[in-house]
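**Student:** Kindly generate the corresponding structure for this input.
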Amino acid sequence: MDVALTGVFCALWVVLNLTLGPLSFQLLALPVLHDFGVFFTLLLVAWVTGRFGTSFMAGVIGSIFAILLDGPALIICFAASAVVFDLLMSVNHHRIRITGYSLVTTAIVTLVSAYFAGVLIGVFFTANETVFWALTIWGGWHAAGGVLALVITLPLIAALEKANVRKILGEA
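**Tutor:** Model (predicted):
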């Protein structure tokens, strides 16, 4: 079941990266929606599966397919942030629950991972910008996209928990 669900989230990763990323730059000239799509997917796959490696797989496999479908090469930085996200989610044992500790650690993991993606993109994929710019401005805008993902995804997860979706998935 986890493999099939991970496949669904890989597809979601591709769709959101290839739609929200360009839309974000056309509307705002900022990466905020791109990060929203990435971390919306990572948060949901972590919540649904609760296992090490599934966020990593969704990010890496999704990025490979997105690049093969003519997505920008910088998507590989989001794959790297998915690896960081998956490793750091070990603090929560890869479970997202609606409790104080779980929500705080999930928020910190998401922000660190989004910031990491922004710094990588700022350093390796933006021309004529400094490392200082990548560490401050660009990393900060990516973290803002992570905040947007948290603000939308965590209430969605809370609603799914309240609706007992885990019972539907067979995880009571």
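
**Student:** Now residue 129: which helix or strand?
**Tutor:** For residue 129, there is no enclosing helix or strand under DSSP states H and E.

**Student:** Tell me if I'm right that it and residue 135 touch.
**Tutor:** No: using CB atoms under 8 Å, residue 129 is not in contact with residue 135, being 10.6 Å away. Every residue, glycine included, has its C-beta placed from N, CA and C.

**Student:** ok, residue 148 - how many residues close by?
**Tutor:** For residue 148, the neighbour count with other CB atoms under 10 Å is 18.

**Student:** From residue 141, how far out is it?
**Tutor:** 11 Å (CB to CB, to the nearest Å).

**Student:** Overlap of the contact sets of those two?
**Tutor:** Shared contacts of residue 148 and residue 141, defined by CB atoms under 8 Å, 6 or more residues apart in numbering, comprise residue 32.

**Student:** related to what we said a few turns ago, identify the contacts common to residue 129 and residue 135.
**Tutor:** residue 122.

**Student:** what mean pLDDT would you report for stretch 138-148?
**Tutor:** Taken as a whole, stretch 138-148 has a mean pLDDT of 96.

**Student:** Could you pull out the buried residues of it?
**Tutor:** 138, 139, 141, 142, 143, 144, 145, 146, 147, 148 (16 or more other CB atoms under 10 Å).

**Student:** List the residues that contact the residue nearest to the last one when sequence neighbours are not counted.
**Tutor:** The spatially closest residue to residue 148, leaving aside those adjacent along the chain, is residue 36, at 4.6 Å (CB to CB, 6 or more residues apart in numbering). Residues near residue 36 by CB under 8 Å, 6+ apart: 20, 145, 148, 149, 152.

**Student:** quick one: the residue nearest to the spatial centre of the chain from residue 131, how far?
**Tutor:** Geometric centre of the chain, nearest residue: residue 39, 2.1 Å, by CA atoms, centre = their mean. Distance of residue 39 to residue 131, given as CB to CB: 24 Å.

**Student:** number of nearby residues for the spatially closest residue to residue 53 that is not a sequence neighbour?
**Tutor:** Leaving aside its sequence neighbours, residue 53 sits nearest to residue 86 (CB to CB, 6+ apart; 6.6 Å). Neighbours of residue 86 under the rule other CB under 10 Å: 25.

**Student:** C-terminal to the helix or strand where residue 86 lies, what's the next element?
**Tutor:** Using DSSP H and E, residue 86 maps to helix 75-88. Sequence order places helix 100-124 as the next helix or strand after helix 75-88, per DSSP H and E.

**Student:** outside of the very next helix or strand once past that following helix, which residues touch it?
**Tutor:** The helix or strand immediately downstream of helix 100-124 is helix 131-133, counting by DSSP H and E. Helix 131-133 is contacted from outside by 122, 123, 126, using CB under 8 Å, 6+ apart.
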